[in-house]
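Visitor: Pasted the sequence and its predicted model underneath.
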Amino acid sequence: MKIVLIGLGSIGQRHLRNLLQLGYKQVTVISRSGILPSDFASLPVFSSLTEALATSTFDAAIICTPTAFHTHSLLPLLQAKVPNIYIEKPVSHNWEQLNTILSLTTKYSNNIVVGFDLHFDLGLQKVKQLIQEGVIGQVISANAQVGQYLPDWRPQEDYKTGMSARTETGGGVMLDLVHEFDYLYWLLGKASHVSAQYINSGTLNIETEEVADVLVKFESGGSGTIHLDYLQPKLVRNCLLTGTSGSITWNLVENKVSWINSRKEEGEYDYKGFERNERFIQIIKAFLSGDRDERLTNLEQGLESLRWVLAAKKASDENIVVDLTKFQPA
C-alpha cells in the first residue's frame, strides 16, 4: 500500500512512527522544508502535495497539517481520486470549500475518515456499551470537561506561535478540543440547540479563546454542558452522564469508568495499563483495513461536530441560542 502523509508536526510524526511500526514501508512524506528528521531520512519527501501527486499515485493519504490547512490538502486528494483519506480532527476551522468537498466525494468510491481517536479509548467504549445496555436508563444530562495548561502541550515549541494560539491556523479551545463535541454526539446523538460563552482573558497572551462553556440540548430530550480551557495546571478530562436510573463517570486521566444504578449497585472498569498511543495505532489500523468499524468517524459525522463548534461560536458572538436543526454555517 502506497501512503502519502502530509504534515510532519507532532501528530504527523506520531502517525509516521506508527505506520512504520505496523509494517507500512511505502510512505511518502510532504513537509514544507523538504527535509526529514534523521529517523525518517530514508523515506521519499516532497515539499508540496501537488508535486507528489504529479509523480505518483497513492492508495491512502493522512492529513496532519494545522486545522486551517486541511482543505488545502483534501481538495487535490479528492481531485486525484485517492481512495482512502484520513483527516486529523477537526475537518476544518470554517465551512469554506466544504460544500465543494462534499460534492467531490460523490464522484468516486472512497473511504474518508476523521481522526477522532477517543472513540478508540477503552473507557469511552465502555461508556457507550453501558448506555446501550440501559444500565442508567435514558440519559438526561451530560457534563463533559477538559482542560490543560497550553504551554505544557508541546514543550519543545513556543506556545504563543503555535497552531493553538493563532486564529489563522484554526486554534482556540473549541476547535483544538473538539473531541468533547464529537464524543457527546457519538454517545447521545444529534443536538437541537446550542448556546455558549467563550473568552480570552489575556492570561496566555494568545489570539484565540482560552476558555469556553457550551450548553447543548439533544434531540433525544437530554441536555449537556461542555467546559474547555487552556488554563488547568494539570490535565483534566472527564464526563458525568446522568440517566433516569443511575449515572456513569468517565475519567481519562485515571483511565477509569465507574457507574451506579438506582438500586445503589456500583460498578467500575479500570484500564490503567492502556497506553495513549494505542488509540492512534488502532484507529490507523481500522482506517487502512477498509472494514466498516463503528468506532470510525466518517466525513459526514466529522462535519457535524464542526457544525456544533461553529454554532457555539455564533451563539457566543451574538449572545443567542442557535437552532441546530436550521443552522447552516456560512
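Guide: Looks like it came in fine.

Visitor: what's the domain layout of the protein?
Guide: Domain assignment for the chain by automatic domain parsing gives 3-115, 119-271+298-323.

Visitor: out of the ones you listed, nearest to residue 282?
Guide: Of all the domains of the chain, domain 119-271+298-323 sits nearest to residue 282, with 4.5 Å by C-beta to C-beta. Any C-beta I mention is one placed from the backbone N, CA and C, and that applies to glycine too.

Visitor: Quick one: end-to-end length of that closest one, please.
Guide: 27 Å (C-alpha to C-alpha, to the nearest Å).

Visitor: chain center to it: distance?
Guide: Centroid displacement of domain 119-271+298-323 relative to its chain, using C-alpha atoms, centre = their mean, to the nearest Å, is 11 Å.

Visitor: outside of the lengthiest helix in the chain, which residues touch it?
Guide: The residue-count maximum for a helix in the chain (DSSP state H) belongs to helix 299-318. Contacting residues not belonging to helix 299-318 are listed as 87, 89-92, 94-95, 98, 102, 105, 112-114, 116, 174-175, 178, 181-182, 185-186, 190-191, 194-198, 212, 214, 216, 320-322, 324, 327, 329 [C-beta atoms under 8 Å, 6 or more residues apart in numbering].

Visitor: And those residues, which of them are buried?
Guide: Among those, those that count as buried by neighbour count (16 or more other C-beta atoms under 10 Å) are 87, 89-92, 94-95, 98, 105, 112-114, 116, 174-175, 178, 181-182, 185-186, 191, 194-196, 198, 212, 214, 216, 322, 324, 329.

Visitor: returning to that earlier point: any idea which helix or strand comes after the longest helix of the chain?
Guide: Toward the C-terminal end, the helix or strand that comes next after helix 299-318 (DSSP states H and E) is strand 322-323.

Visitor: Show me the strands paired with that following strand, marking each as parallel or antiparallel.
Guide: Strand pairing for strand 322-323, using DSSP bridges, gives strand 191-199 (antiparallel).

Visitor: Next, the angle from the strand it pairs with to helix 299-318.
Guide: Orientation check (axes from the mean of the first three to the mean of the last three C-alpha atoms, to 10 degrees): strand 191-199 against helix 299-318 gives 50 degrees.

Visitor: could you point out which element follows strand 191-199?
Guide: Assignment by DSSP H and E places the next element after strand 191-199 at strand 211-218.

Visitor: hang on, residue 271 packs against residue 124?
Guide: No. The pair residue 271 / residue 124 is not scored as a contact, 10.4 Å apart, by C-beta atoms under 8 Å.

Visitor: More neighbours: the two, which one.
Guide: With neighbours defined as other C-beta atoms under 10 Å, residue 271 and residue 124 compare such that residue 124 has more, 21 against 14.

Visitor: Mind pulling up the pLDDT for that one?
Guide: At residue 124, the pLDDT value in this model is 98.

Visitor: now the strands: where do they sit in the stretch 51-200 of the chain?
Guide: Using DSSP state E, counting those that start in this stretch, the strands of the stretch 51-200 of the chain run over residues 60-63, 84-88, 111-115, 139-147, 191-199.

Visitor: and these as TSV, adding mean pLDDT and distance to residue 278?
Guide: Below are these laid out as TSV (pLDDT from 0 to 100; distance: least, C-beta to C-beta, whole Å):
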stretch	mean pLDDT	distance to residue 278
strand 60-63	98	18
strand 84-88	98	17
strand 111-115	98	15
strand 139-147	98	20
strand 191-199	98	30
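
Visitor: To residue 239, which of those lies closest?
Guide: When the strands of the stretch 51-200 of the chain are compared by C-beta to C-beta, strand 139-147 sits nearest residue 239, at 4.3 Å.

Visitor: quick check: angle from that closest one to strand 211-218?
Guide: Following the same axes, to 10 degrees, one obtains 160 degrees for the angle between strand 139-147 and strand 211-218.
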